[in-house]
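Trainee: Need a 3D model of the sequence below.
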Amino acid sequence: MTSSNSSNSLSSTFYLTGIPGYEEFHHWISVPFCLLYCVGIMGNCTILHIVRTDPRLHQPMYYFLAMLSLTDMGMSMPTMISLFRVLWSISREIQFDVCVIQMFLIHTFSFTESSVLLAMALDRYVAICHPLRYATILTPRLIVKIGTAALLRSAFPVIPLLVRLTYFPFCRSHILSHSYCLHQDIIRLACADISFNIIYGLVFITVLWGMDSLGIFVSYVFILHSVLRIASREGRLKALNTCTSHICAVLILYIPMIGLSIVHRFAKQSSPLIHIFMAHIYLLIPPVLNPIIYSVKTKQIRQGILHLIHSYQINSICMETL
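Mentor: Alright, predicted model coming up:
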């Protein structure tokens with residue numbers, strides 16, 4: 001492709017779709033979306049605040065939980081502006097360069113979340129199988145390295161897909177089937193050979209998800225082997241209970257992600273509503289449910305939230321008395 005094709009693509013304008021056939025209800029449909037986004041942002045910000053301010057939570061498990069909250073917000077927030085611009089009838093237009101940035105953030109943070117869940121599985125493995133060496137193995141320096149590696153291994157493989165996309169001419173429809181930009185969606189509109197993007201994307205997703213899911217599976221094999229050696233039933237349940245939240249977080253991410261990939265690749269003729277529903281579930285559910293699950297299942301987080309509420313109430317009473 002020539003450089004002129006690249007510049008033409010970068011200056012192109014695309015049009016986002018809301019909920020086709022329900023345009024007159026877009027304002028009402030935006031209400032649950034807005035509530036879910038607010039719940040997700042508030043929940044994850046609360047987790048981050050508690051982990052930062054409570055010295056008792058300055059431990060590897062909660063550092064990884066803070067990383068999960070950051071990736072949750074990073075995965076959902078890039079879509080907020082374009083989604084509400086469509087649902088509130090402000091504008092359906094999005095420039096291609098903005099679209100590329102949005103795709104980069106969505107895909108990078110999605111894969112980063114998978115990597116963080118792998119790191120959390122390894123954290124549970126060390127805590128249960130090597131409890132006496134837990135603090136010496138998972139040092140703050142190692143945790144920073146793991147977080148940095150998770151972000152880099154997710155970001156750099158996305159770049160070739162998006163760079164190649166900027167060289168494609170788009171001579172067909174410029175209407176996207178979602179309220180935000182996804183690589184699987186925009187690649188269908190290119191008037192060029194897209195074999196590299198399809199094959200590379202499929203291999204990249206398979207390898208990265210395969211490595212992460214295999215690592216999580218192997219970690220739990222060792223965890224179960226170690227738990228079954230615990231003599232008391234109460235001890236076994238207590239050890240397994242520390243893994244419940246993580247297992248839920250894994251399922252919450254992987255099930256919608258796999259479902260969206262299957263729908264895009266093998267169910268192209270299905271109803272557009274299914275594609276749109278799966279795309280929003282994929283980005284909305286993990287940020288909303290993860291803080292709730294960890295707040296309910298983790299005693300220290302629950303105590304931190306209660307302490308935060310109690311402090312707020314005391315401050316309110318003090319302000320009223322002044």
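Trainee: if I pick C248, what's in contact with it?
Mentor: Taking Cβ atoms under 8 Å, 6 or more residues apart in numbering, we find C248 in contact with 289, 293, 297. In short, each C-beta sits where N, CA and C put it, glycine included.
Trainee: The second one touches S245, doesn't it?
Mentor: Yes. Counting by Cβ atoms under 8 Å, a contact exists between I293 and S245, whose distance comes to 5.2 Å.
Trainee: Quick check: neighbours shared by the two?
Mentor: By Cβ under 8 Å, 6+ apart, no residue touches both I293 and S245.
Trainee: Make TSV from the contacts of C248 and add secondary structure to it.
Mentor: Output for those, formatted as TSV (DSSP: H, G, I helix; E, B strand; the rest coil):
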residue	secondary structure
L289	helix
I293	helix
K297	helix
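Trainee: Let me see the backbone angles for I94.
Mentor: When read as degrees, to the nearest 10, the backbone of I94 gives phi -150, psi 130.
Trainee: Spatially nearest residue to it, not counting backbone neighbours?
Mentor: F14 (5.3 Å; Cβ to Cβ, 6 or more residues apart in numbering).
Trainee: any idea how far that neighbour lies from Q95?
Mentor: Using Cβ to Cβ, to the nearest Å, F14 is found at 8 Å from Q95.
Trainee: Neighbour count for these two, which is higher?
Mentor: The neighbour comparison of F14 against Q95 (other Cβ atoms under 10 Å) goes to F14, with 20 against 13.
Trainee: Tell me which residues touch the residue nearest to I94, please.
Mentor: F14 makes contacts with 93-96, 99, 170, 174-176, 181, 186, 189, as judged by Cβ under 8 Å, 6+ apart.
Trainee: picking that back up, buried subset of the contacts of C248, written for PyMOL?
Mentor: To isolate the buried members of the contacts of C248 in PyMOL, using 16 or more other Cβ atoms under 10 Å:
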select buried, resi 289+293+297
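Trainee: So which of the contacts of C248 sits lowest on pLDDT?
Mentor: The member of the contacts of C248 with the lowest pLDDT is K297, at 81.
Trainee: So that one is in contact with I247, correct?
Mentor: No. Counting by Cβ under 8 Å, I247 is not a contact partner of K297; they are 10.1 Å apart.
Trainee: for the stretch 101-250 of the chain, what spans make up the strands?
Mentor: Ranges of strands within the stretch 101-250 of the chain: none, based on DSSP state E, counting those that start in this stretch.
Trainee: if we can go back for a sec, where's the residue nearest to I94 relative to L228, distance?
Mentor: 54 Å.
Trainee: Check A239 too.
Mentor: Note on A239: its distance to L228, by Cβ to Cβ, is 10 Å.
Trainee: ok, now L68?
Mentor: 28 Å.
Trainee: Tell me which of these two has more neighbours.
Mentor: Using other Cβ under 10 Å, the more surrounded residue of L68 and L228 is L68, with 26 against 9.
Trainee: buried residues in the helix or strand harbouring that one?
Mentor: Take DSSP states H and E as the rule and L68 turns out to sit in helix 60-87. Buried positions in helix 60-87, judged by neighbour count with 16+ other Cβ under 10 Å: 60-80, 82-87.
Trainee: Look up the closest residue to S30, ignoring the ones flanking it.
Mentor: Distance criterion Cβ to Cβ, 6+ apart; nearest residue to S30, sequence neighbours excluded, is L87 at 3.8 Å.
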